[in-house]
Structure formats: C-alpha cells, structure tokens
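**Q** give me coordinates for this.
(one chain, ligands or ions: 1)
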Amino acid sequence: MSKLWNFLAMVWYQLTFKPQPLPDNIRLDGLTAIVTGANVGLGFEAAKELASHGLSKLILAVRDLSKGEAAKAEISREAPECEILVWKLDQESWESMVTFSRRVSIELDRLDIVLLNAGLKRLEFTQSPTGHEAHIQINHLGTALLSLLLVEPLRRTARQTGKPSRMTITASSVAFAAPVQDILEPKGGKGIIPWLDNPGSFIPGDSRYSLSKLLDVLWTRALAARLDPTDIILNTLNPGYCKSAFHRVDATAEWASSFLAWSSAEGGYHLTDAVVRHPDSHGEYLSEQRIRPVPRIASSAKGKEVQTKLWDETIALFKAECPDANIDEFTRGE
Ligand SMILES: NC(=O)c1ccc[n+]([C@@H]2O[C@H](COP(=O)([O-])OP(=O)(O)OC[C@H]3O[C@@H](n4cnc5c(N)ncnc54)[C@H](OP(=O)(O)O)[C@@H]3O)[C@@H](O)[C@H]2O)c1
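**A** Just a heads-up that it's a prediction; the model follows:
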C-alpha cells in the first residue's frame, strides 16, 4: 500500500471510528497483568482500564521508577482494590530484561495478561548502548526478547487455569507504509539487522519507525506460529493516531494530532480490547478494534521468507548477545 493511500485510510478511520472502552461486564478479578511503557500515554491508560475492571495484580514495567510510582498513585485512586507493583524495565539493556523476567518467574504466582507496548520514535539515527539502532533495539529486539521470556509464565498459568493467557504487541498502521526494500534486500551482505543497524541505511524521518512496527507484525506472526493458542493467544494491533508525548520529536505529527488524533485513553481502549477480547485473534493484526488484513508483505511468499530470516537472525543475536536469557525452547535446532 502506498504511503499516500495508507495516510488517507488513516484519516478516514480517525474521523469515522469511535474507539470503545471494555464493556462493564468484563471482569478481570483474580488475574495478573504486565504492561510495558505503563507510566504514560497508551500504556498508562490501558493499565488504568485493566485495573478498573477488577484486575487483582498489575505490574507497571517502566524504565524510570519515579514516573512509575506517579502512575501507580493515579491508577490506585481509580482502582484501590488492585495491587500495583512498579518494576524496572529498560529495553535498551539485556541485563534489565533478563532480570525483569526472572523476577516475574520468582515473584508472580500467575501471569494472565501481557501488553508489550513500550516503544519510541526518532527522526534521526541514534544508537542504543547495546550497539543497535534505537528503533531496532527498543521496538524490535526488546519487544521480541520479552515476548520469548514471558512465554513460560503465561503458559504455566494457562495450564493451571485451563484458559489461554494473553499477549499483545503494540504495532501501528505505519507498518503498511514501511520501506520494505530494506528487509527484502538488505545491503551489506550480513542480513536484515546488521543492515538496519548501519547508519548508512537510515533515512532521516519516520521511515525507520515504520519499519520497526512492520518488524513487530512479522515477529508476532513468527512467534504465534510456534505457540499453541490454547496456551497463549498472541496478537498485534494498531492503536490509531493518538495524542501522547510520543510525537514530541515529530513537529508535523504533533501539529496534526491536535485535530486528527484520538486521546491517549482512546488509544488505550485499543490495547485493552486486543489483549482481553478477540479469542480468535491468534497471530492476527487488529485495527479499529477488529481483526484486519496484515500489510501485504506479511502475507506474501517473499514476506514469509523475510519473516523466517528475521526470526532466525533475532534468535541467533539473542544467543550471542544475551546468553543469560532463558529462551532454550526457541533456540533448539537453530
Ligand atoms: N501515539 C500514537 O499515535 C501511536 C500510534 C501508533 C502506535 N503507537 C505505539 O504505541 C506505543 C505507546 O506509545 P505512546 O503514544 O503511549 O508513547 P509514549 O507516551 O511516548 O510512551 C512510550 C512508553 O515507552 C517507554 N519506553 C521508551 N523507551 C523505552 C525503553 N528503552 N525501555 C522501556 N520503556 C521504554 C516510555 O518510557 P519513558 O516515559 O521513560 O520514556 C513510555 O512509557 C508505542 O509502541 C508506539 O509505537 C503510538
């Protein structure tokens, strides 16, 4: 889909669709949820909505504990019955992600819901401390590693309760406008991730962000194919164009948000809808709170090859750069 067509489609749904909160009769009593990027924006609003539907325990996964405590205070006012814990998580640090997942295994007796929502947009090339380009590190590698690390506690809970646990990855409709050539034919001869880490591949603007969101869609499909949906229902979604601090680096997007964007709360409604409802959405992409077709590349034969390459490269990278991560079930035979 061309960038212009994607833009027009976005304008249409922003003006005509009204995001809906979870129906009042949905109760989450007894359940435990993790939300990443939960201190502000869509993650905060989604965490608040989950808590207000009777959730028993909520882990706000944040990279700044003081911001997390402020979010906790606000959510607690609306949902005093929910036990809220603020845990440190930095997707630019392998150690932080591994420590977080160990804490989940040791300290939580169950895990029912995971919203992998943290993300960033930059218009200029920046490198994370791990050496990877920042979108690749935070939006793809960080999200992907957590999705693997949290499979075991989600699955254990599902087998105890007899009900599938839920995991949702926040993507975006900008995935439809991503520069796919960079992943179809990465230059440099070393693969997709080394090419995207190369400053020479970065075009100033939002195209790397779009590409990182396409990687979220491809990763969701690759991992979903390896999971049993009676254990974990995994999906991905577009929360729509929403007012939040997210667009602060992008003057045009920030300006247009004043008349086109939904509120952060309405963005959050999409996250809670995707992670609580739609039992038939395993491996699927949701937009406007319903299952929608994926970007064409994701369903094409060539796209499936790219998806396999992305999976293989990502798993090999975790083995090499994050050997402490317990992802053995996914590395066997790789
Ligand atoms: N807003 C939109 O229009 C829109 C549209 C489509 C998709 N999305 C997606 O929705 C998600 C949430 O966006 P938002 O609008 O709520 O943005 P936001 O207000 O900027 O929130 C982003 C969250 O991600 C966290 N984060 C960033 N880097 C991190 C890292 N290295 N480790 C851990 N957490 C990190 C941020 O923490 P700090 O506060 O500490 O920076 C913050 O909590 C993102 O994945 C974004 O791509 C947003």
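**Q** from here on, contacts and neighbour counts on C-alpha atoms
**A** Will do.
**Q** the ligand contacts on the stretch 1-150 of the chain?
**A** 37-43, 62-64, 89-92, 117-120, 138 (Cα under 6 Å from any ligand atom).
**Q** now do 5 Å
**A** The stretch 1-150 of the chain comes close to the ligand at residues G37, N39, V40, G41, L42, R63, D90, Q91, E92, N117, A118, G119, as judged by Cα under 5 Å from any ligand atom.
**Q** okay, now E74: neighbour count?
**A** Per other Cα atoms under 10 Å, the neighbour tally for E74 reads 13.
**Q** oh sorry, the question was meant for L108
**A** 13.
**Q** how about L15?
**A** 12.
**Q** how much space separates it from the ligand?
**A** 14 Å (Cα to the nearest ligand atom, to the nearest Å).
**Q** please list all residues in contact with the closest residue to that residue other than its chain neighbours.
**A** Excluding its sequence neighbours, the residue lying closest to L15 (Cα to Cα, 6 or more residues apart in numbering) is L260, at 7.1 Å. For L260, the contacting residues are V11, Q14, L15, Y241, by Cα atoms under 8 Å, 6 or more residues apart in numbering.
**Q** of these - the most surrounded one?
**A** Neighbour max across the contacts of L260 (other Cα under 10 Å) = Y241, 24 neighbours.
**Q** returning to what we had before: so can I have a markdown table of the residues of the stretch 1-150 of the chain next to the ligand showing neighbour count, distance to E81 and secondary structure?
**A** Shown next, in a markdown table, are these (neighbours: other Cα atoms under 10 Å; distance: Cα to Cα, whole Å; DSSP: H, G, I helix; E, B strand; the rest coil):
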| residue | neighbour count | distance to E81 | secondary structure |
| --- | --- | --- | --- |
| G37 | 26 | 22 | coil |
| N39 | 26 | 19 | coil |
| V40 | 20 | 21 | coil |
| G41 | 20 | 23 | helix |
| L42 | 30 | 22 | helix |
| R63 | 21 | 25 | coil |
| D90 | 19 | 28 | coil |
| Q91 | 26 | 30 | coil |
| E92 | 23 | 33 | coil |
| N117 | 23 | 24 | coil |
| A118 | 26 | 25 | coil |
| G119 | 22 | 29 | coil |
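**Q** make a markdown table out of those and add pLDDT.
**A** Shown next, in a markdown table, are these (pLDDT from 0 to 100):
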| residue | pLDDT |
| --- | --- |
| G37 | 98 |
| N39 | 98 |
| V40 | 98 |
| G41 | 98 |
| L42 | 98 |
| R63 | 98 |
| D90 | 98 |
| Q91 | 98 |
| E92 | 98 |
| N117 | 98 |
| A118 | 98 |
| G119 | 98 |
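**Q** count of residues packed around the nearest residue to D64 once chain neighbours are set aside?
**A** Leaving aside its chain neighbours, D64 sits nearest to K88 (6.9 Å; criterion: Cα to Cα, 6+ apart). K88: 18 surrounding residues under other Cα under 10 Å.
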